[in-house]
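Engineer: predicted structure and sequence below. I'll ask about it afterward.
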Amino acid sequence: MKAVLFREHGGPDKLSYEELPMPQLGPQEVLIRVKACALNHLDIWVRQGIPAYSIPLPHAGGSDVSGIIEQVGTQVDGVSIGARVFVSPGISCWRCEYCLSGRDNLCRTYHLLGTKTHGGYAEYVRVPFRNVLSIPDNLTFEQAAAFPLVSVTASHMLFALAGLQHGETVLVMGAGSGVGMMAVQLAKLAGARVLTTVGSDDKIPKGVILGADAVINHAREKVSERVRILTEGRGVDVVIEHIGPEVWDSCLDSLARGGRLITCGATTGADVKLNLRDLYSRQLTVKGSYMGTRGELVKAAELMGQGRLMIIIDRIFPLQEARAAQELMVSRKFFGKIILAC
């Protein structure tokens, strides 16, 4: 089969379109003919060789996949050849205390498709049969690939960790990102007042379309100062953050007393400073988030199927142009999701 892979870590120039052996199925696995694979910043980090994602080489990345079931293993139940499916990107054991209690993202063996195993940058991918879910009838393959990772992450951050309540005010950093796009919509559905940020004026109307009550251009305004104006000096109850050092201080400064900051990424680096006196005197909460549970993904899929959540796709590239797709992601000159189509 054809795949986009890298044989050594480095820049996007390390990606190559070449032949890769067809996956060999285990008894509880299915083979998917990939129709679409969405990009995530995780793909960049895996290619760069960030230590947390050290993997055998050569490697094909890609965590968000949709397609058609082509083969099933001998112990597969409830999955039919020819079915239109999307993949739940988080792979866990389904036997430990965390999995059995519905907290599968805490499983000790938890990992994402496209990290320890080959992902969707290929014509075919194999996954455990428990990780495939039916695509809602109203979604295209591209839409079905675009929402899983970012929707489950945003949902887990807002509700399981931040405990967002109706009537609270939330600041979502980066409305143009996948997580930001979903967090704005989910917070609005929950009855929150939503403030968000973008990097250019042309993205402001897109943030409004998502449902934001106010959109701040961080390139020409100091976010925390604008937040104080918009909240009459109070600050926000919740900040959803996935960028890291570049925005960290502004995020903390934007919080009201007793506010909660939830972070799920480190796009601009891993190290930040934290003033402990400020943390305890303002009674702030800072939590780290990694993905979410299968139940949260199922709920997001229901909302997508009902048309209550939208997915914005910025650009669709053919699989062989994965390098150009990753370069666009790194440039930040996009709004929404970038897709590879097979």
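Structural biologist: Okay, I see it. Numbers count the residues shown, from 1 in each chain.

Engineer: against residue 135, how distant is residue 85?
Structural biologist: Residue 85 sits at a distance of 6 Å from residue 135 (criterion: Cβ to Cβ, to the nearest Å). Glycine gets a C-beta too; all of them are placed from N, C-alpha and C.

Engineer: oh, that last question was meant for residue 116, not what I typed.
Structural biologist: 25 Å.

Engineer: can you check residue 166 too?
Structural biologist: 31 Å.

Engineer: one more: residue 45?
Structural biologist: From residue 45 over to residue 135 the distance is 27 Å, taken as Cβ to Cβ.

Engineer: can you check residue 171 too?
Structural biologist: From residue 171 to residue 135 the distance is 32 Å (Cβ to Cβ).

Engineer: how about residue 223?
Structural biologist: Computed as Cβ to Cβ, the residue 223 to residue 135 distance reads 37 Å.

Engineer: show me the strands in the stretch 101-250 of the chain, by range?
Structural biologist: 111-112, 124-128, 132-134, 169-172, 193-198, 214-217, 236-241 (DSSP state E, counting those that start in this stretch).

Engineer: Throw those into CSV and include mean neighbour count and mean pLDDT, thanks.
Structural biologist: Output for the strands of the stretch 101-250 of the chain, formatted as CSV (neighbours: other Cβ atoms under 10 Å; pLDDT from 0 to 100):
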stretch, mean neighbour count, mean pLDDT
strand 111-112, 19, 96
strand 124-128, 22, 98
strand 132-134, 19, 98
strand 169-172, 29, 98
strand 193-198, 26, 98
strand 214-217, 20, 98
strand 236-241, 28, 98
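
Engineer: circling back to that earlier point, residue 45 and residue 135: which is more packed in?
Structural biologist: With neighbours defined as other Cβ atoms under 10 Å, residue 45 and residue 135 compare such that residue 135 has more, 23 against 18.

Engineer: tell me the pLDDT at the more buried one?
Structural biologist: Per-residue pLDDT puts residue 135 at 98.

Engineer: thinking again about what came up before, between the strands of the stretch 101-250 of the chain, which one is nearest to residue 2?
Structural biologist: Checking the strands of the stretch 101-250 of the chain against residue 2 by Cβ to Cβ gives strand 124-128 as the closest, at 9.4 Å.

Engineer: counting contacts, what elements does the closest one pack onto?
Structural biologist: Packed against strand 124-128, as judged by 3 or more Cβ pairs under 8 Å, 6 or more residues apart in numbering; DSSP states H and E, are the following elements: strand 29-38, strand 64-72.

Engineer: and the pLDDT for the residue nearest to the spatial centre of the chain?
Structural biologist: By Cα atoms, centre = their mean, the mean C-alpha position of the chain lies nearest to residue 150, the distance being 2.8 Å. You'll see residue 150 listed with a pLDDT of 97.

Engineer: for the stretch 201-342 of the chain, what spans make up the helices?
Structural biologist: Under the criterion DSSP state H, counting those that start in this stretch, the stretch 201-342 of the chain contains helices at 204-210, 223-230, 248-254, 276-281, 294-305, 322-331.

Engineer: partners of the closest residue to residue 132 other than its chain neighbours in the sheet?
Structural biologist: Residue nearest to residue 132 in three dimensions, not counting chain neighbours: residue 85, with 4.2 Å by Cβ to Cβ, 6 or more residues apart in numbering. Residue 85 has the following beta-bridge partners by DSSP bridges: residue 67, residue 134.

Engineer: pretty sure residue 85 contacts residue 131?
Structural biologist: No: judged on Cβ atoms under 8 Å, residue 85 makes no contact with residue 131 at a distance of 9.2 Å.

Engineer: so which of the two has more stuff around it?
Structural biologist: residue 85 (24 against 21).

Engineer: for the more buried one, what are its contacts?
Structural biologist: Residue 85 sits next to 32, 66, 67, 68, 69, 79, 132, 133, 134, 135 when contact means Cβ atoms under 8 Å, 6 or more residues apart in numbering.

Engineer: now residue 129
Structural biologist: By Cβ under 8 Å, 6+ apart, the contact list for residue 129 reads 28, 29, 30, 72, 73, 76, 77, 78, 79.

Engineer: top of those by neighbour count?
Structural biologist: Within the contacts of residue 129, residue 30 tops the neighbour count with 26 neighbours, counted by other Cβ under 10 Å.

Engineer: who touches it in this structure?
Structural biologist: So residue 30 contacts 69, 71, 72, 73, 76, 79, 126, 127, 128, 129, 132 (Cβ under 8 Å, 6+ apart).

Engineer: bridged to it, which residues?
Structural biologist: Going by DSSP bridges, residue 30 forms beta bridges with residue 72, residue 127.

Engineer: what domains does the record give for this structure?
Structural biologist: 2-147+311-341, 151-288 (automatic domain parsing).

Engineer: tell me which of these lies nearest to residue 302.
Structural biologist: Of all these, it is domain 2-147+311-341 that lies closest to residue 302, at 8.0 Å by Cβ to Cβ.

Engineer: what count of nearby residues applies to residue 276?
Structural biologist: 7.

Engineer: where does pLDDT dip in the stretch 201-342 of the chain?
Structural biologist: Counting by pLDDT under 70, not a single residue of the stretch 201-342 of the chain qualifies.

Engineer: quick one: residue 248 and residue 8, what's the gap?
Structural biologist: Distance from residue 248 to residue 8, by Cβ to Cβ: 32 Å.
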